[in-house]
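**Q** sequence and computational prediction follow.
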Amino acid sequence: MQIETKYDIGDEVYGIFLDREFASVPVECDTCDSTGKVELKENKFTCPDCQGKSTQKVARKEWKILTWERRIYKIEVRKDGAEFQIYYLLTNGYLMCVSNLFKTKKEARAACKIRNAQIAKETNDG
Ligand SMILES: [Zn+2]
């Protein structure tokens, strides 16, 4: 069996990963103009639409470059159906597939940019 690998053991690579974090963002509420309060006959009430919350937690996803040590320590071949998948185990313990590894920081950064633009597009569409 002959398997071509893009990288060799010991190669320095730039891995990217999808980082998820929760951020507080202002609630967009048309009923109260995002103030959390509605006025009715000079009395102020908690907005029934947003329950008076001025912020909400949203999950943010962002592709980032791994900043830790990044040499290939081990190469693993796994059979996925009829296809072979090659995984690279990095010295930091991360198991990466080839689509998330790049030879230069520039390439890694460019890939992050493209994927983050895709996430932004999906977020705006949906
Ligand atoms: Zn509201």
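**A** Received, thanks.
**Q** flag the shaky bits of this structure, pLDDT-wise.
**A** Filtered on pLDDT under 70, the chain yields the residue ranges 1, 69, 126.
**Q** which bits of the chain sit near the ion?
**A** Selection of the chain residues close to the ion by C-beta under 5 Å from the ion yields 29, 31, 32, 47, 49, 50. In this view, the C-beta of every residue, glycine as well, is placed from N, C-alpha and C.
**Q** neighbouring contacts of the helix or strand residue 106 falls within?
**A** Assigned by DSSP states H and E, residue 106 belongs to helix 105-125. Identification of contacts with helix 105-125 by C-beta atoms under 8 Å, 6 or more residues apart in numbering yields 14, 15, 16, 18, 61, 62, 63, 64, 65, 102.
**Q** JSON lines for those, including neighbour count and secondary structure?
**A** Formatted as JSON lines, the contacts of helix 105-125 follow (neighbours: other C-beta atoms under 10 Å; DSSP: H, G, I helix; E, B strand; the rest coil):
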{"residue": "14", "neighbour count": "20", "secondary structure": "strand"}
{"residue": "15", "neighbour count": "21", "secondary structure": "strand"}
{"residue": "16", "neighbour count": "20", "secondary structure": "strand"}
{"residue": "18", "neighbour count": "13", "secondary structure": "strand"}
{"residue": "61", "neighbour count": "14", "secondary structure": "strand"}
{"residue": "62", "neighbour count": "14", "secondary structure": "strand"}
{"residue": "63", "neighbour count": "20", "secondary structure": "strand"}
{"residue": "64", "neighbour count": "14", "secondary structure": "strand"}
{"residue": "65", "neighbour count": "15", "secondary structure": "strand"}
{"residue": "102", "neighbour count": "20", "secondary structure": "strand"}
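**Q** now, which of those sits nearest the ion?
**A** residue 61 (26.3 Å; C-beta to the ion).
**Q** residues contacting the residue sitting furthest away from the middle of the chain?
**A** In the chain, counting by C-alpha atoms, centre = their mean, residue 41 sits farthest out from the average C-alpha position, at 46.8 Å. Neighbouring residues of residue 41 by C-beta under 8 Å, 6+ apart: there are none.
**Q** among the residues of the chain next to the ion, which ones are buried?
**A** Those of the residues of the chain next to the ion that meet the buried threshold are 29, 32, 47, 50, by 16 or more other C-beta atoms under 10 Å.
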